[in-house]
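Visitor: All I have is the shape, not the residue letters:
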């Protein structure tokens with residue numbers, strides 16, 4: 001079984017992945033951030049490095065999906081392959097930070113990959129306001145995130161909402177402005193109850 005967690009930068013994907021994997025004994029699959037060779041360069045010069053970083057992420061996540069498909073375990077994944085192509089790359093292109101040539105090449109590569117995979121059994125979308133995202137980004141204090149542009153975060157949020165409105169597979173939406181699952185045990189318990197109803201499991 002494949003449970004994937006989607007959401008903007010700072011929405012709590014990694015935290016929820018850790019909590020669910022610990023709570024249920026599921027195998028976590030984390031997004032590659034600390035060892036990304038392009039991340040610092042990208043936040044300092046988005047236009048120069050946008051295509052490089054998106055191809056890097058797409059390659060990593062495609063490998064993850066292939067591993068998940070072949071695994072007998074229940075896996076909870078921090079961010080999905082769909083977000084790269086439906087959220088991040090189009091946002092960079094719309095902002096003029098990725099050329100049309102690069103965007104079209106990237107999209108063709110994504111479409112080829114999508115012919116080989118299927119959606120997760122459940123997608124958990126962490127919805128967040130911009131002020132909450134900024135507060136969480138500042139709280140975790142990653143050096144490479146200090147230069148994140150406000151218009152970049154807003155553009156991502158808008159595209160997330162548009163993508164989720166059209167999403168057709170099983171979906172659980174969590175408003176993280178109100179559901180403080182990391183800080184409040186009652187909020188986490190309520191979230192897991194909703195999750196179990198969606199998956200039709202009892203723990």
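Guide: Yep, it's here. Predicted model only: the values in this text are computed from it and were never measured.
Visitor: need the contact list for the spatially most central residue of the chain.
Guide: For the chain, the residue sitting closest to the mean C-alpha position, by C-alpha atoms, centre = their mean, is residue 79 at 2.9 Å. Contacts for residue 79 were tallied using C-beta atoms under 8 Å, 6 or more residues apart in numbering; they are 4, 5, 6, 7, 13, 31, 61. Where C-beta positions appear, they are placed from N, C-alpha and C, glycine not excepted.
Visitor: average pLDDT across the helix or strand where the third one lies?
Guide: Which is residue 6. According to DSSP states H and E, residue 6 maps onto strand 2-7. Strand 2-7 shows a mean pLDDT of 96.
Visitor: how far out from the middle of the chain is it?
Guide: Its chain's average C-alpha position is 7 Å from that of strand 2-7, according to C-alpha atoms, centre = their mean, to the nearest Å.
Visitor: what's the answer for stretch 107-121, then?
Guide: With C-alpha atoms, centre = their mean, you get 16 Å for stretch 107-121.
Visitor: Next: stretch 76-94.
Guide: 7 Å.
Visitor: first vs last residue of that stretch, how far apart are they?
Guide: 31 Å (C-alpha to C-alpha, to the nearest Å).
Visitor: Give me the buried positions along it.
Guide: For stretch 76-94, a neighbour-count test (16 or more other C-beta atoms under 10 Å) marks 76-93 as buried.
Visitor: The strand holding residue 6: what's the following helix or strand?
Guide: Using DSSP H and E, the helix or strand that follows strand 2-7 in sequence is helix 13-24.
Visitor: where are the low-confidence patches of the protein?
Guide: Low-confidence segments of the chain (pLDDT under 70): 32-34, 141, 143-144, 146-147, 201-203.
Visitor: orientation of the lengthiest helix in the chain relative to strand 2-7 in degrees?
Guide: Criterion DSSP state H: the longest helix present in the chain is helix 46-70. Using axes from the mean of the first three to the mean of the last three C-alpha atoms, to 10 degrees, the direction of helix 46-70 lies 160 degrees away from that of strand 2-7.
Visitor: so what does the following helix or strand past helix 46-70 touch, helix or strand wise?
Guide: Once the chain leaves helix 46-70, the next helix or strand it forms, by DSSP H and E, is strand 75-78. Under the contact criterion of 3 or more C-beta pairs under 8 Å, 6 or more residues apart in numbering; DSSP states H and E, strand 75-78 touches strand 2-7, helix 13-24, strand 27-29, helix 46-70.
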